[in-house]
Every structure is written in structure tokens, then in C-alpha cells.
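Visitor: Sharing a sequence plus its predicted fold:
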Amino acid sequence: MAMNLGPSLGSSDEDEVMGTINTTPLVDVMLVLLIIFLITIPVVTTSIKVDLPKEANVVRETKPENVIISVNKAGQIFLYDTPVKNPIDLLERMKKFAAMKPQPEVQIRGDAQSDFESVGRVMYAVQRAGITKVGFITEPAP
């Protein structure tokens, strides 16, 4: 009578090398990525149809009735070619232009090297005076 207790100690049935790739972790990762993309794509795209404005660089001609305010590199303010003492003085002068019918357009020429603060003060003074048409004069790109 003989008993079979399993493989003998000398056999190598358990130590065989697998020749195939286990694709289960790869499939799991791909399914997770697919779920993430399915959730985030509707957030990125919007369903509301909007016609956005097209950019157009229109050359504006300076009319004689336009008010031209310049700010140089040092932050000094000029109304046409006349220096202005401070933004309060500019505000008083702008109130005279705001009372005109029709109101003239104010064109601000700010030096590229000037601080934004000095141009901002000019904009604030023009706004407080009640001027509604304000534009910036720039040079076209080469």
C-alpha cells in the first residue's frame, strides 16, 4: 500500500517561470483613467454658444476736438503740451471738458517706461470728471 503525499521534495512544479504578462493591473489603471477623463471633459467644455468678439486693430485718427493727455517717463502729466501740476488740477480742467456737448474723447498717451500708477491717476481724474469716452494711444506692433 502506497500513499501519495503530493509532489516530492525534488520536483520543480511550483518554481515554473510564467511566460505571459499579467495585464490585470494595466487594465485597472486604464479604467481609472477613462473614468477620470469622462468626469472632467464635461467640466472643461461649455455648452453655451457665445460669439466672442474678434480683435481688430483699427487705426484711429486724432480729431481736433479730442483731448490729449500725455504722461512721460517721469510721471509728469501734460494736457496737450501744457504741464499739469497734479491730478487735482487735471480733474478741474477735465470738468470743463465734461460739461461740453457733445463730450470730446480723451486720449491718454502713456510712456512705456512710466509707472502704471501715474497713468492710473490720470484715468481716475478723467473718470471722476465724468468723461465717458476714454482711449489709449499706442504704437502698432512692427
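Guide: That came through fine. Residues are numbered from 1 along each chain as shown.
Visitor: show me where the chain has strands.
Guide: Taking DSSP state E to define them, one finds strands in the chain at 67-71, 77-79, 82-84, 106-110, 134-136.
Visitor: residues in contact with V32?
Guide: For V32, the contact set (Cβ atoms under 8 Å, 6 or more residues apart in numbering) is empty. The C-beta positions use only the backbone N, C-alpha and C, and glycine is treated the same way.
Visitor: re earlier: can you list the strands of the chain in CSV and add distance to M94?
Guide: Shown next, in CSV, are the strands of the chain (distance: least, Cβ to Cβ, whole Å):
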stretch, distance to M94
strand 67-71, 8
strand 77-79, 9
strand 82-84, 10
strand 106-110, 7
strand 134-136, 10
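Visitor: Take those and lay them out in CSV including distance to N22, mean neighbour count and mean pLDDT.
Guide: Putting the strands of the chain into CSV (distance: least, Cβ to Cβ, whole Å; neighbours: other Cβ atoms under 10 Å; pLDDT from 0 to 100) gives the following:
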stretch, distance to N22, mean neighbour count, mean pLDDT
strand 67-71, 70, 20, 87
strand 77-79, 75, 18, 88
strand 82-84, 79, 13, 87
strand 106-110, 66, 20, 86
strand 134-136, 65, 13, 84
